[in-house]
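Enquirer: Turn this into a structure:
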Amino acid sequence: MSFLQQPAGWFGALFLALMTSTTTTLASAAPTPPIAAKQAWQETRHGEVVTDDYHWLREKTNPKVIAYLKAENAYTQAMTKDLAPLSKKLYGEIKGRMKETDLSVPTRRGNFYYYSRTEAGRQYPIICRRRANSAADFAYDASAQEEILLDENQLAKGKEFFEVDSFSVSPDDRYLAYSTDTTGYRQYQLHIKDLSNGKLLDDTVERVTSLAWAADSQTLFLVQEDATTKRSDLLLRLKLGSKPVEVYREAVEQFNLGVGNSSDRKFIELDAESTDTSEVSLLPADRPEGSFDSVLGRETGHRYSVDHRNGELFILTNKDAKNFRLVTAPLATPDPAHWQELIAHDPHVLLESLELFRDFLVVSEKTDAQERSRIYNFAEHSWHTVQFDEAVYASHPGGTPEFTSHRYRLTYQSPVTPPTVFDIDMASGQRELLKQQEVPGYDPTLYETKRLWATARDGVKVPLWTVAKKGLTPDGSAPLLLYGYGSYGIPAEATFSNSRISLLDRGVVFVEAHIRGGNDMGEHWHDDGMLMHKKNTFHDFIDSAEYLIQQGWTSPQRLIIEGGSAGGLLMAAVTNMRPELFHAVHAAVPFVDVMSTMLDASLPLTAGEYLEWGDPNQKPAYDYMRSYSPYDNIERKAYPAMLVTTGLNDSQVMYWEPAKYVAKLRAMKTDRHPLLLKVNMGAGHGGASGRYDAIKERAFEMAWMLSQWGIGQSKKR
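Expert: Next up is the predicted model:
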């Protein structure tokens with residue numbers, strides 16, 4: 001690696017650019033964007049000499065970098081000042097559809113029911129519990145005294161960002177172990193609270209990513225991440241009042257650790273996972289000083305998960321089963337020779353997860369991009385499927401912590417149905433509605449959702465879902481927002497959105513594409529959108545957009561696209577490929593500097609993601625990744641209007657990726673369409689942590705998109 005000498009007058013050029021921007025803003029109605037200074041930097045990659053004029057933006061502690069980011073924020077504010085009334089109106093609409101004072105459905109764990117509640121005007125939830133009525137079969141007793149476990153509003157006082165991650169109460173109900181982040185960098189500090197007196201113990205550990213209590217309620221198993229790479233690689237055992245002891249360190253860079261409890265709480269489970277391989281080890285929860293034993297060892301390409309019931313292991317495995325199958329085996333002899341198949345492999349059905357109870361088993365499956373739950377009765381050896389009426393929806397396990405429960409909690413929603421909580425009687429299959437999120441002023445009968453299928457260029461059928469107000473005329477005139485992600489096997493989901501209603505009520509059609517790279521159509525869907533097949537993700541999105549245009553849903557002049565993180569990579573890649581196809585783009589926390597990031601193993605997450613994106617240290621992978629990396633493929637041509645958003649403390653996609661991308665794009669593009677960078681200087685990958693602050697961020701983004709459609713505001717081009 002060779003670093004060229006910094007050119008003379010570099011800071012002067014930056015200062016002049018910032019001052020020019022400010023002066024011009026004061027003197028005229030057309031703000032001038034800040035022009036990032038160029039500092040020559042070179043690196044040779046597989047014989048290719050790569051020059052990066054904006055490499056210096058990686059220097060987070062450099063005051064010049066912070067000055068540049070603030071200048072970009074000032075420019076964005078100046079360019080969007082006319083949107084303030086619309087943004088404020090949208091904020092009011094979204095807030096008005098939110099039940100500000102609310103209560104979650106209480107969930108029983110042992111002798112208590114746990115729930116969270118919110119209060120009007122307060123940013124964060126309050127987490128509470130009430131003692132169950134032991135005289136009435138441990139029923140919920142609303143008259144029992146409320147015990148506040150965590151008031152997140154108090155904990156967040158004076159902090160720009162606050163988030164609770166892990167949350168676990170000891171088996172004897174006395175201690176609460178929880179972790180918090182106050183920067184947005186997703187490094188969580190462990191705290192332990194004695195619930196008998198409300199005091200915090202002195203025990204604390206940094207950078208905790210998962211935890212599990214042993215049966216003695218005195219021992220915690222913790223996974224800690226590396227401070228630099230953020231890889232969860234160290235398992236610790238913490239005896240209350242003592243220093244943590246190292247139990248295991250994962251040496252293979254592609255693997256991360258996670259720790260938890262089996263459903264019956266008889267075992268501590270240690271999971272080691274990479275993109276294509278996993279290993280599970282077990283330790284009896286009543287023997288915390290003992291050693292973990294691997295269930296099936298570690299075999300490249302074998303992914304499996306494990307749970308325990310009555311001396312029998314339930315193993316979800318992809319061995320000889322691309323979409324997974326479910327087998328059982330004795331705890332003492334879990335090897336394949338002793339497997340008994342309970343659910344056979346189905347090439348058309350992805351077996352995603354299982355939840356195990358004393359008398360029942362629930363499996364979550366996906367077929368044709370649609371989730372479903374099936375329940376097995378051990379006594380009757382019978383199955384039944386939970387049925388829903390809508391053709392497009394999302395359903396997930398809702399948290400049923402009691403192993404002896406006969407009722408299964410399920411969350412359900414659709415693009416037109418607000419989040420809903422059901423309890424399913426696992427014996428009869430009968431459904432009980434416990435709560436549906438109240439959305440004041442919302443009438444679901446005014447909207448409709450549909451399933452569509454686009455044909456990709458290689459003949460593959462790509463599912464999409466839509467939501468819009470009823471009565472749409474497919475004449476190509478409708479404004480349409482197309483959303484996409486397509487990475488890590490994460491599916492697109494047909495969920496409800498309070499904020500989206502404000503777009504729908506203004507005539508906008510919302511569409512999400514189930515592009516390859518997710519697991520929407522099974523494990524092969526992920527395989528076909530990763531590594532040396534990654535371009536299928538981009539092609540699917542482009543082909544979905546063209547399908548929507550051909551079918552009269554919209555036109556290029558009315559089409560805006562949006563995606564975040566790996567979905568931000570998608571936005572930038574397809575914009576490089578087909579800039580004329582899209583009217584405007586919102587790229588949130590976008591992973592755009594693929595080559596620089598994936599060639600720097602010291603950065604968080606890099607080495608662990610070689611199995612998803614490829615290892616660019618290998619020439620074939622380098623060439624392929626280089627051919628689509630957005631930052632490396634910016635050209636001197638016209639681009640659509642773009643809003644790029646990021647957070648200074650982002651740990652998943654470092655702020656400098658979108659900052660460098662905007663700087664280079666601004667220097668290269670030939671159009672006069674707006675290019676805006678908005679940096680949250682006090683948050684990370686997920687944006688603002690407080691619920692009202694998050695609404696403000698989304699209201700701004702929506703106002704910008706509406707202005708690009710010319711809705712509710714004169715269009716800025």
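Enquirer: Helices along this protein, start to end?
Expert: 10-27, 63-79, 84-96, 152-155, 500-504, 523-527, 535-550, 566-577, 594-598, 610-613, 619-626, 656-668, 691-709 (DSSP state H).
Enquirer: Tell me which residues of the third one come out buried.
Expert: If you call a residue buried by 16 or more other CB atoms under 10 Å, then helix 84-96 has these buried ones: 86-87, 90-91, 93-95. Where you see a C-beta, it was placed from the backbone N, CA and C, and this is true even at glycine.
Enquirer: beta partners of the closest residue to residue 145 other than its chain neighbours?
Expert: Counting by CB to CB, 6 or more residues apart in numbering, the nearest residue to residue 145 once its immediate chain neighbours are dropped is residue 130, at 6.9 Å. In this structure, residue 130 has beta-bridge partners residue 113, where bridges are defined by DSSP bridges.
Enquirer: who are the neighbours in contact with residue 130?
Expert: Residue 130 is in contact with 106, 112-113, 115, 140-142, 144-147, counting by CB atoms under 8 Å, 6 or more residues apart in numbering.
Enquirer: so, if you compare those residues, which one comes nearest to residue 80?
Expert: Ranked by distance to residue 80 (CB to CB), these are led by residue 115 at 39.5 Å.
Enquirer: which stretches of the stretch 51-200 of the chain aren't confidently modelled?
Expert: In the predicted model, the stretch 51-200 of the chain carries no residue with pLDDT under 70.
Enquirer: what does the chain give?
Expert: In the predicted model, the chain carries pLDDT under 70 at residues 1-29, 713-717.
Enquirer: Report the residue ranges of every domain in it.
Expert: Taking automatic domain parsing as the domain assignment, the ranges for the chain are 162-345, 347-438, 444-709.
Enquirer: tell me the most buried of these?
Expert: Ranked by average neighbour count under the criterion mean count of other CB atoms under 10 Å, the domains of the chain are headed by domain 444-709 at a mean of 20.
Enquirer: so how far is it from its chain's centroid?
Expert: Domain 444-709 has its average C-alpha position 14 Å from the chain's average C-alpha position, going by CA atoms, centre = their mean, to the nearest Å.
Enquirer: cool, stretch 40-54 as well?
Expert: 32 Å.
Enquirer: Quick one: end-to-end distance for it.
Expert: Start and end residues of stretch 40-54 are separated by 8 Å (CA to CA, to the nearest Å).
Enquirer: ok, back up a step: with residue 278 as the reference, name the closest of the helices of the chain.
Expert: The closest approach between residue 278 and any of these, judged by CB to CB, belongs to helix 610-613 at 12.1 Å.
Enquirer: my guess is residue 454 meets residue 513, correct?
Expert: Yes: judged on CB atoms under 8 Å, residue 454 makes contact with residue 513 at a distance of 7.4 Å.
Enquirer: Closest one of the contacts of residue 130 to residue 684?
Expert: residue 115 (27.6 Å).
Enquirer: Report the separation between the closest one and residue 644.
Expert: Between residue 115 and residue 644 the distance is 39 Å, computed by CB to CB, to the nearest Å.
Enquirer: re earlier: spell out which residues are contacts of both of residue 454 and residue 513.
Expert: With CB under 8 Å, 6+ apart, residue 454 and residue 513 have common neighbours 462, 464, 540, 544.
Enquirer: May I ask which two of these are separated the most?
Expert: Checked with CB to CB, these reach their widest spread between 464 and 540, with 9.9 Å between them.
Enquirer: Overlap in contacts, those two.
Expert: When contacts are counted by CB under 8 Å, 6+ apart, residue 464 and residue 540 have 454, 513 as shared neighbours.
Enquirer: nearest to residue 38, of the domains of the chain?
Expert: Comparing the domains of the chain against residue 38 with CB to CB, the closest turns out to be domain 444-709 (8.2 Å).
Enquirer: end-to-end on that closest one?
Expert: With CA to CA as the measure, the ends of domain 444-709 fall 25 Å from one another.
Enquirer: Stretch 354-367 now?
Expert: As for stretch 354-367, its first-to-last residue distance stands at 16 Å under the measure CA to CA.
Enquirer: before we move on, what about stretch 283-300?
Expert: For stretch 283-300, the first and last residues are 23 Å from each other (CA to CA).
Enquirer: what sits up against that stretch?
Expert: Residues lying outside stretch 283-300 but in contact with it, judged by CB under 8 Å, 6+ apart, are 213-216, 219, 221, 237, 247-248, 261-262, 265-268, 270, 272, 276-282, 302, 304, 306, 313, 315, 334-335.
Enquirer: Kindly report the same for stretch 571-583.
Expert: 484, 538, 541-542, 545-546, 556-563, 585-587, 590, 592, 628, 630-631, 633-635, 637-642, 661, 708-709.
Enquirer: follow-up on the earlier one: so for residue 122, which of the domains of the chain sits nearest?
Expert: With CB to CB as the criterion, residue 122 lies closest to domain 444-709 of those, at 8.7 Å.
Enquirer: so residue 647 bridges to which residues?
Expert: Beta bridges link residue 647 to residue 680 when assigned by DSSP bridges.
Enquirer: doesn't residue 679 make contact with it?
Expert: Yes: here residue 647 reaches residue 679: they are 7.0 Å apart, a contact under CB under 8 Å.
Enquirer: who touches both of the two?
Expert: Counting by CB under 8 Å, 6+ apart, the shared contacts of residue 647 and residue 679 are residue 655.
Enquirer: Quickly note the distance from residue 659 to residue 443.
Expert: Residue 659 sits 43 Å away from residue 443 when distances are taken as CB to CB.
Enquirer: Please apply the same query to residue 297.
Expert: With distances taken as CB to CB, residue 297 is found 56 Å from residue 443.
Enquirer: if I pick the nearest residue to residue 123 once chain neighbours are set aside, what's in contact with it?
Expert: Of all residues not flanking residue 123 in the chain, residue 690 sits nearest, at 3.2 Å (CB to CB, 6+ apart). Contact partners of residue 690, counting by CB under 8 Å, 6+ apart, are 123-124, 156, 162.
Enquirer: Of those residues, which is the nearest to residue 551?
Expert: residue 123 (42.3 Å).
Enquirer: Near that closest one, how many other residues are there?
Expert: For residue 123, the neighbour count with other CB atoms under 10 Å is 17.
Enquirer: Let me see the contact set for it.
Expert: For residue 123, the contacting residues are 153, 156, 689-693, taking CB under 8 Å, 6+ apart as the criterion.
Enquirer: ok, now with 10 Å
Expert: Residues near residue 123 by CB atoms under 10 Å, 6 or more residues apart in numbering: 152-153, 156, 162, 688-694.
Enquirer: ditto for residue 489
Expert: Residue 489 touches 275, 350, 517-520, 523, 525-527, 529-530, 612, counting by CB under 10 Å, 6+ apart.
Enquirer: Against residue 460, how distant is residue 521?
Expert: When distance is defined by CB to CB, residue 521 is 9 Å away from residue 460.
Enquirer: got any residues that touch both of the two?
Expert: A shared contact of residue 521 and residue 460, defined by CB under 10 Å, 6+ apart, is any residue touching both; here these are residue 528.
Enquirer: ok, back up a step: residue 367: which of the shared contacts of residue 454 and residue 513 is nearest?
Expert: For residue 367, the nearest member of the shared contacts of residue 454 and residue 513 is residue 462. The distance, counting by CB to CB, is 15.6 Å.
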